[in-house]
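Chemist: Kindly generate the corresponding structure for this input.
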Amino acid sequence: MDLGEISSMEEQLKPWDNFAEWLHCVCVVTFDLELGQALECIYPHHTELSETERANICYLSFPDSNSGCMGDTEYSFRIRKSKMTDSNKFPDLDKDCPVTLLKDTTHYYGYVFFRQVRDKALRRGYFQKSVVLLSSLPYFKFFKDIADIIAPEYFDNGEPCLEAACHDIDRWPSPIPGKALSLPLMGMVLSVRIPTKQDKPGTTIFSEKENNAQPFTYSSISEVDLMLGLGDVLPHIHLLWELVLVGQPIVVMGPSPSACAATVLSLVSSIHPLRYHCDYRPYFTIHDSEFREYTTRTQAPPPVIIGVTNPFFAKTLQHWPNIIRVDDLGSKPPIPNNSLLSVDSTRFRKTSKLKTLDPKPGVYTKYKPLLKKDKVFFKALAKEMTCGKSTRKQQSAMIRRNFLELTQSFIIPLERYLASLMPLQKNISPLKAPPTLKPFRPEDFIQTVESNGPQLTSGTKGDWIGLYKRFLLSANFDRWLHRRRAEMEAKVASLHLTAFSETDLIVWSKGKSEVELVDMVLRLQDKLRLISSKRIDLSLSSSVVEGRLQQKLQQLKQVLPSDLTGILLND
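Modeler: Have a look, this model is predicted:
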C-alpha cells in the first residue's frame, strides 16, 4: 500500500477512528472512601470496557498502600483483553513494523501517571488520582512522555484539558512505520517516526537538523532505561538474558510499581530484536484477575515475568525458581564498578532456605546458567562507569548493544538453518503449485551449531548447544518459528506469482482442452483477488503484476469459446 492509498483510506475514517489507532481510551481513576479505587471518567465516553478490565485498571492504577509513593509516580501495567482485537486497520502495514512494536491483539498496556499529595480539605487527608493511557501499542517511552504532558494539565485544569487532548490525538495520522509524523498535542507538535524492519538497530532515527527543527522529537518510542531497570543486578545481566530467552518464570519484587515495571520492561527488551512471547506484567497485584492462575501451587509456575510490591508475594511466590529483588529507582548509586567482575554472587536457593529469602537486592535462582560471564564487556562497562564523563543514557546504550550482539549471534545460526529449508528458486514452476518448505528438525539444526554456532560471532563462551535445546522448547521459539515460516511461505507465494505473471499463456494454451483453459481462467481470477486483498507481499510492484495478469486474462478470452467467455469473464 502506498502513501496515497493510506491517505485516501484515512479520509474515510469516522470520528475517533484515528484516536483508536493510538489509544483505546484515557481513564481517570480516583479513590472513593466507600468504593476504594474507582473510575471517575473514561474518554472518549463511548469506549467499551468489560467489568474485568475496569476492575483491573482501577487496582493497577494505584500503587499498593505499603509503597508510600508521594508526589508523582509513573509506571506501566499490562492486562489481558476480554476479547481479541484486530491487529491493525491497515493490516499490510504490519509487514514493515518490527515484531516488537506490533499492536497487541490480546493485551492492553496501561501508562499510569499517579499523583498523591497532602490535602487537608479532603476527608482522607490526601489527593489521590491517576491518569491512565490505555493502548494496544507497546510504545513505552512515547506514551510515558504523552502522559507527562496530559496528566499535569488535567490535574491543574480539569476534564476540559483531557477532552481537548483526546480531540488532538484524533487528528493524528495512523502510526505508519517509516513515515515522519507530526502529532499536535495541547499547543505543541511532536515529531515521531515509527521504526521499520529495515532500520539498523541502535541508529538515530532523526538527523540533528530535524532534531533542531522540533523541540519535541522522539528518536525512540519504545526504548527503556536499562541502567535504571537493571542497575541493582548488573553482574547478572547475562544470566537474566538466558532466563528471558528460554521463557523461565521470573518474579521481580520491589518497593514501588515504578521500580518493578522498569526492571520487567528491561528484561523483556533484553532479547530484542526477538519478541518476548510469554506473558509479562510490569506491575501485578493480589486483586488482578489472573492472581489465582499465576500463584497456584498445584502446578509449576507459568512462563511469565511479573513485577510485585506487596510483601504478601514474598511468601506466596517463594516457590518460584527465579526471584529478582530491586531497590527503589534512584535510591542509591548503581553497583560499584569493582564488583562487576567479582565472583558471581547469585544465590542458588536450597529448598530449606526458601522461607528465609534474603531481602537484599539481587538475583535468587535455581537456574544453572549455560553461558559464562562476558568479562570483556564488564571491563569495558566498568571503565565507562569510572571515566567520570559517562551518562546513564550512554551506559544503557552500551548494555543494549551487548544484548543486541548476543541475541543476533544467537539468531544467526537459526536463520541460516531456516534458509536451507527454502525451496530453490529454480524449482518454483509457475504452472505447478508452489513448493512447500522443508520441516524444521531440531536434531538437524543442533548438528549445524557445532561448526556454525554463535561462537563464530560472539565472544561469550559456554554451552550454546544446551541453550538452544532449552530455547527450542520455549514459547519464544514456537512463536518465532511460526512467524518466520509464514514470512517464508509468503515469499515463495510471491516468487511463484511473479513467475506466473511472466509466463506466456498463449503458447501454453495451444493444444489445451477446454477444461484446462477454464481451470487456468479460474486460477488467474483467484490470483487477482489475492493481489487485491493485499494478503501477499510481491517482489515486484503489485500494480505491475496485476496488470500482467489482467492482460493474460484478456488474451485467454480470445481463445475461449464465446459461450464460456460471457460466463467466466462477466466481470
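Chemist: hang on, residue 238 packs against residue 462?
Modeler: No: using Cβ atoms under 8 Å, residue 238 makes no contact with residue 462, being 9.2 Å away. For glycine as for every other residue, the C-beta is placed from the backbone atoms N, C-alpha and C.
Chemist: what sits in contact with each of these two?
Modeler: Shared contacts of residue 238 and residue 462, defined by Cβ atoms under 8 Å, 6 or more residues apart in numbering, are found at 369, 371.
Chemist: What does the nearest residue to residue 287 once chain neighbours are set aside show for phi and psi?
Modeler: Among residues not flanking residue 287 along the chain, residue 59 sits closest, at 4.0 Å (Cβ to Cβ, 6 or more residues apart in numbering). Backbone torsions of residue 59, given as degrees, to the nearest 10, read phi -70, psi -30.
Chemist: what does residue 321 give?
Modeler: For residue 321, the backbone dihedrals are phi -80, psi -20 (criterion: degrees, to the nearest 10).
Chemist: For it, which residues are in contact?
Modeler: Here residue 321 is in contact with 248-249, 301, 365-367 (Cβ under 8 Å, 6+ apart).
Chemist: Residue 186 and residue 152 touch, don't they?
Modeler: No: counting by Cβ under 8 Å, residue 186 stays clear of residue 152, with 10.4 Å between them.
Chemist: how deep is the residue nearest to residue 287 tucked in, by neighbour count?
Modeler: Residue 59: 21 surrounding residues under other Cβ atoms under 10 Å.
Chemist: Over to residue 287?
Modeler: Residue 287 has 15 neighbours, counted by other Cβ under 10 Å.
Chemist: sec struct for the nearest residue to residue 170 once chain neighbours are set aside, please.
Modeler: Nearest residue to residue 170, sequence neighbours excluded (Cβ to Cβ, 6+ apart): residue 19, at 4.0 Å. Secondary structure, DSSP: H, G, I helix; E, B strand; the rest coil: residue 19 is helix.
Chemist: Equivalent analysis for residue 181, please.
Modeler: Here residue 181 is recorded as strand under three-state DSSP.
Chemist: quick one: pLDDT of it?
Modeler: We have a pLDDT of 91 for residue 181.
Chemist: The one helix or strand residue 40 maps to pairs with which strands, parallel or anti?
Modeler: In this assignment (DSSP states H and E), residue 40 forms part of strand 36-43. Using DSSP bridges, strand 36-43 pairs in its sheet with strand 25-32 (antiparallel).
Chemist: sorry, back to before: so how far is residue 511 from the residue nearest to residue 287?
Modeler: As judged by Cβ to Cβ, to the nearest Å, residue 59 and residue 511 stand 74 Å apart.
Chemist: where does the residue nearest the centre of the chain land in three-state SS?
Modeler: By Cα atoms, centre = their mean, the chain has its centre lying nearest to residue 100, at 3.2 Å. At residue 100 the chain is in helix, as set by three-state DSSP.
Chemist: State the pLDDT value of it.
Modeler: For residue 100, pLDDT reads 92.
Chemist: That one and residue 140 touch, don't they?
Modeler: No: counting by Cβ under 8 Å, residue 100 sits too far from residue 140 to count as a contact (10.7 Å).
Chemist: who's in contact with the nearest residue to residue 228 once chain neighbours are set aside?
Modeler: Nearest residue to residue 228, sequence neighbours excluded (Cβ to Cβ, 6+ apart): residue 262, at 5.3 Å. Counting by Cβ under 8 Å, 6+ apart, residue 262 makes contact with 75, 224-225, 228-229, 329.
Chemist: Would you agree residue 262 falls within a helix?
Modeler: Yes: per three-state DSSP, residue 262 lies within a helix segment.
Chemist: Model confidence for it, exactly?
Modeler: Note on residue 262: pLDDT of 96.
Chemist: Distance-wise, check it relative to residue 103.
Modeler: Residue 262 is 23 Å from residue 103, by Cβ to Cβ.
Chemist: Residue 423 now?
Modeler: 32 Å.
Chemist: quick one, helices of the stretch 151-300 of the chain?
Modeler: 159-169, 208-213, 226-230, 237-245, 257-269, 291-295 (DSSP state H, counting those that start in this stretch).
Chemist: Now do the third one: distance to the chain's middle.
Modeler: The reference is to helix 226-230. 18 Å (Cα atoms, centre = their mean, to the nearest Å).
Chemist: what's that helix in contact with?
Modeler: Residues contacting helix 226-230 (Cβ under 8 Å, 6+ apart): 237, 240, 262-267, 269-270, 329-330, 334, 392-393, 395-396, 399-400, 403.
Chemist: how deep is residue 375 tucked in, by neighbour count?
Modeler: Using other Cβ under 10 Å, the number of residues around residue 375 comes to 13.
Chemist: for residue 148, that is, sorry about that
Modeler: 13.
Chemist: hmm, back to that, now for residue 100 and residue 140: what residues contact both?
Modeler: residue 222.
Chemist: Buried only: go through the contacts of helix 226-230 for me.
Modeler: 237, 240, 262-267, 269-270, 329, 395-396, 399-400, 403 (16 or more other Cβ atoms under 10 Å).
Chemist: Below-threshold pLDDT in the stretch 251-400 of the chain: ranges please.
Modeler: By pLDDT under 70, the weakly predicted segments of the stretch 251-400 of the chain are 330-358.
Chemist: Next, residue 481: secondary structure please.
Modeler: Per three-state DSSP, residue 481 ends up helix.
Chemist: Can you check the pLDDT for it?
Modeler: According to the model, residue 481 scores 97 on pLDDT.
Chemist: related to what we said a few turns ago, more neighbours, residue 238 and residue 462?
Modeler: residue 238 (21 against 18).
Chemist: Now do the contacts for that one.
Modeler: Neighbouring residues of residue 238 by Cβ under 8 Å, 6+ apart: 369, 371, 373-374, 406, 460.
Chemist: From residue 526, how far out is residue 43?
Modeler: In terms of Cβ to Cβ, residue 43 sits 45 Å off from residue 526.
Chemist: The two: which is more packed in?
Modeler: Between residue 43 and residue 526, counted using other Cβ under 10 Å, the more crowded position is residue 43 (18 against 9).
Chemist: Out of the contacts of residue 321, the closest to residue 110 would be?
Modeler: Taking Cβ to Cβ as the measure, residue 110 lies nearest residue 249 of the contacts of residue 321, at 22.5 Å.
Chemist: Brilliant, that's me finished.
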